[in-house]
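# Okay, predicted coordinates and the sequence, questions at the end:
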Amino acid sequence: MSDGIIVLTTWPDQAGAEKLAETLVSHKLAACVNILPRMTSVYRWRGKLEHGQEHQLVIKSRKPLYARIEQHILEQHPYELPELLVLPVQGGSTDYLNWITNTLDD
């Protein structure tokens, strides 16, 4: 699977993170979404140092689906500027990568 991607985003609450994950998986835009436990994020926003409690979402998908993933995130996200980072999948278990490919829409 040469077009595999990991999309990272954060969410302020568990319920919202689960809702987004269910939307992405049910629409076959993500094969799996991991929701990590609450963490503290430290960042600069509008010139001020901020601290926030968030959940990290790790979204396993394919590059051709990214635009639709981004659209769902931006439509549902409560932040003015949500985290959206895309990391290419460079390799992995052939069986797992095939499972991702076979699970998703094209």
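Thanks, I have it.

# For the helix or strand of the chain with the lowest mean pLDDT, which helices and strands make contact with it?
When the helices and strands of the chain are compared on mean pLDDT, DSSP states H and E, helix 94-103 comes out lowest with a mean of 93. Helix 94-103 sits against strand 4-11, strand 48-62, with contacts defined as 3 or more CB pairs under 8 Å, 6 or more residues apart in numbering; DSSP states H and E. Using the backbone N, CA and C atoms, a C-beta is placed for each residue, glycine as well.

# closest to residue 93 out of those?
strand 4-11 (11.4 Å; CB to CB).

# remind me, longest helix of the protein?
Taking DSSP state H as the assignment, the helix of the chain that covers the most residues is helix 14-26.

# Can you name the residues bridging to the residue nearest to residue 49 when sequence neighbours are not counted?
Nearest residue to residue 49 in three dimensions, chain neighbours excluded: residue 42, at 7.2 Å (CB to CB, 6 or more residues apart in numbering). Beta-bridge pairing of residue 42 under DSSP bridges involves residue 51.

# Run a quick neighbour tally on residue 42.
By the criterion of other CB atoms under 10 Å, residue 42 has 8 neighbours.

# Return the residues in contact with it.
Going by CB atoms under 8 Å, 6 or more residues apart in numbering, residue 42 touches 49-51.

# just these now: which is nearest residue 66?
Comparing the contacts of residue 42 against residue 66 with CB to CB places residue 50 closest, at 27.4 Å.
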